[in-house]
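A.B. asks: Take a look and give me a structure for this.
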Amino acid sequence: MIVDRIAGWWDGFELWVAGLPFIPQFLVVLVGMVPISFAIAYLLDRALKVVQHRVGLAQHRMRAGRYRSARLAQAAAPVEPLVQPREHAQSGAR
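C.D. replies: Next up, the predicted model:
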């Protein structure tokens with residue numbers, strides 16, 4: 001399976017990096033892993049912005065009454081809280 005091959009390759013890569021002296025380890029991580037981490041973070045940021053935008057559009061359409069089906073509108077309807085909000089007690093401390 002392809003996942004097993006990727007996991008095996010990654011284990012071998014980790015062992016190779018762990019066997020290097022400190023300075024080459026540092027350079028491999030700095031040159032290789034930092035840009036990859038930034039790329040993953042950038043892609044996740046873009047994907048989550050798209051999801052957030054779509055959720056916002058769905059909420060806007062529901063409020064405007066332009067939802068395609070009543071079932072979707074029901075699923076996206078706000079849920080009433082189960083517990084009533086409490087009032088804050090004043091402690092008298094200054």
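A.B. asks: Next, find the distance separating A41 from L82.
C.D. replies: Distance of A41 to L82, computed by C-beta to C-beta, to the nearest Å: 37 Å. C-beta coordinates here come from the backbone N, C-alpha and C atoms, glycine included.
A.B. asks: So for those two, which sits in the more crowded spot?
C.D. replies: Ranked by neighbour count (other C-beta atoms under 10 Å), A41 and L82 place A41 first, with 10 against 5.
A.B. asks: I'd like to know how far that one sits from P85.
C.D. replies: Using C-beta to C-beta, A41 is found at 37 Å from P85.
A.B. asks: ranges for the strands of the chain?
C.D. replies: With DSSP state E as the criterion, the chain has no strands.
A.B. asks: Would you mind finding the longest helix in it?
C.D. replies: helix 34-64 (DSSP state H).
A.B. asks: Show me what that helix packs onto, helices and strands only.
C.D. replies: With contacts taken as 3 or more C-beta pairs under 8 Å, 6 or more residues apart in numbering; DSSP states H and E, helix 34-64 sits against helix 70-76.
A.B. asks: just how off-centre is the longest helix of the chain within its chain?
C.D. replies: 9 Å (C-alpha atoms, centre = their mean, to the nearest Å).
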